[in-house]
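Structure for the following, please:
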Amino acid sequence: MTTPAPRTVLLTGAAGGVGALLRDRLPAYGYALRLFDIVPVPGDPDAIAADLLDNTALRAAVRGVDAVVHLAGISQEAPFADLLTSNIEGTYRLYEAARAEGVQRIVLASSNHAVGFTPRPAAPGVAVATTTPLRPDTLYGLSKCFGENLASLYADKYGIETVSLRIGSCCPRPRTVRMLATWLSPADCARLVHAALTAEEIHHAVVYGISANTRAWWDLSAGAALGYTPRDDAEIFAEQLIAELGEPLPDDPERTHIGGSFLTAEP
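Residues are numbered from 1 along each chain as shown. Coordinates of the predicted model:
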């Protein structure tokens, strides 16, 4: 199926950290944004403040849009009951609303923590592919595995196209040495989402969401196939970060596994 470039996009989780970065940058690519969050969005009185479990509000939010960028949910480890409501049932409700309203393209915020127990490549230049088996490092990561599998089901069964973005660390600048590999700059985040919204011949694609980092662990070829060309590199921050924080110890999860400190996180 060929999907025309969307114009009106529903952005869920618009008040969150990544949502704020995208709502400032996506309009430059020609999108009119409809904003949705459980809390008010600063500076936008027209934003929809509602819960994903509010079917009436969610259907109204989805109605008439060309695509959805779904960021809403809990973005760290949490009690399972909270993740079940927000990340699992909320994502299901979003897909059901999209199906009911005929929306054919969703960009889903997944996470590197869906594969967090995957060991980091030992050899330089070796990259982890998007086809690596799911190995969540937390209940949060498990909820992202659910999201990816839900997207696959709705692609196969209902023809809803999804690009699942396994986002690394999206922030203005890396804050840890691990982030020298996992950083996704705000500008590259917008480039990636734009590519995911406009790519043709999508069924369900999984893409790692990072910049063109010199120390990257992940294969970016799936993103390149969508038209994503990152321009930023966390290496410009490396000298200062390593001088301030030092390198992780050899047995530190920050060095040994994709998920880093999430491996030891408790709900």
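
So what's the model's average confidence on the helix or strand hosting Ala224?
If you go by DSSP states H and E, Ala224 is part of helix 221-226. Here helix 221-226 scores 97 as its mean pLDDT.

what's that helix packed up against?
Here helix 221-226 touches helix 186-198, strand 204-209, going by 3 or more CB pairs under 8 Å, 6 or more residues apart in numbering; DSSP states H and E. C-beta coordinates here come from the backbone N, C-alpha and C atoms, glycine included.

what distance separates the longest one from the middle of the whole chain?
By that I understand helix 186-198. How far helix 186-198 lies from its chain's middle: 11 Å, per CA atoms, centre = their mean, to the nearest Å.

swap in stretch 224-239?
16 Å.

now what about it, what contacts it?
163, 173-174, 179-181, 183, 185, 187-188, 191-192, 195-196, 198-199, 202, 205, 207, 210-215, 220, 223 (CB atoms under 8 Å, 6 or more residues apart in numbering).

Only the C-alpha atoms, please, for that stretch, written as PDB.
Only the C-alpha atoms of stretch 224-239 are listed here, as PDB (Å, rounded to 0.1, in the frame of the first residue of the first chain):
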ATOM      1  CA  ALA A 224      17.800   4.500   6.000                       C
ATOM      2  CA  ALA A 225      15.300   2.400   4.100                       C
ATOM      3  CA  LEU A 226      12.600   4.800   5.200                       C
ATOM      4  CA  GLY A 227      14.600   7.800   4.100                       C
ATOM      5  CA  TYR A 228      16.000   8.700   7.500                       C
ATOM      6  CA  THR A 229      19.400  10.400   7.300                       C
ATOM      7  CA  PRO A 230      20.700  11.500  10.700                       C
ATOM      8  CA  ARG A 231      23.000  14.500  10.800                       C
ATOM      9  CA  ASP A 232      24.100  14.700  14.400                       C
ATOM     10  CA  ASP A 233      26.800  12.700  16.400                       C
ATOM     11  CA  ALA A 234      27.100  12.500  20.200                       C
ATOM     12  CA  GLU A 235      30.900  12.300  19.800                       C
ATOM     13  CA  ILE A 236      31.200  16.100  20.100                       C
ATOM     14  CA  PHE A 237      30.200  15.600  23.800                       C
ATOM     15  CA  ALA A 238      32.500  12.600  24.400                       C
ATOM     16  CA  GLU A 239      35.600  14.200  25.800                       C
END
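
circling back: what is the mean pLDDT for the following helix or strand past the helix holding Ala224?
Proceeding N to C from helix 221-226, the next assigned helix or strand is helix 238-245, under DSSP H and E. Helix 238-245 comes out with an average pLDDT of 97.

Same check on stretch 171-184?
In the prediction, stretch 171-184 has an average pLDDT of 97.

Residues in contact with it: which ones?
17, 112, 167-170, 185-186, 192, 209-211, 213-217, 232, 234-235, 237-238, 241-242, 245-248, 254-255, 260.

the strands in this protein, which residues?
8-12, 32-37, 48-49, 67-70, 105-111, 161-167, 169-170, 183-184, 204-209 (DSSP state E).

Give me the helices and strands touching the first one, please.
Secondary-structure packing of strand 8-12 (3+ CB pairs under 8 Å, 6+ apart): helix 17-25, strand 32-37, helix 55-62, strand 67-70.

Tell me which of these sits most buried.
A comparison of these by mean neighbour count, using mean count of other CB atoms under 10 Å, puts strand 67-70 on top with a mean of 28.

if we can go back for a sec, which members of the contacts of stretch 171-184 come out as buried by neighbour count?
112, 167-170, 185-186, 192, 209-211, 213, 215-217, 232, 234, 237-238, 241, 248, 254, 260 (16 or more other CB atoms under 10 Å).
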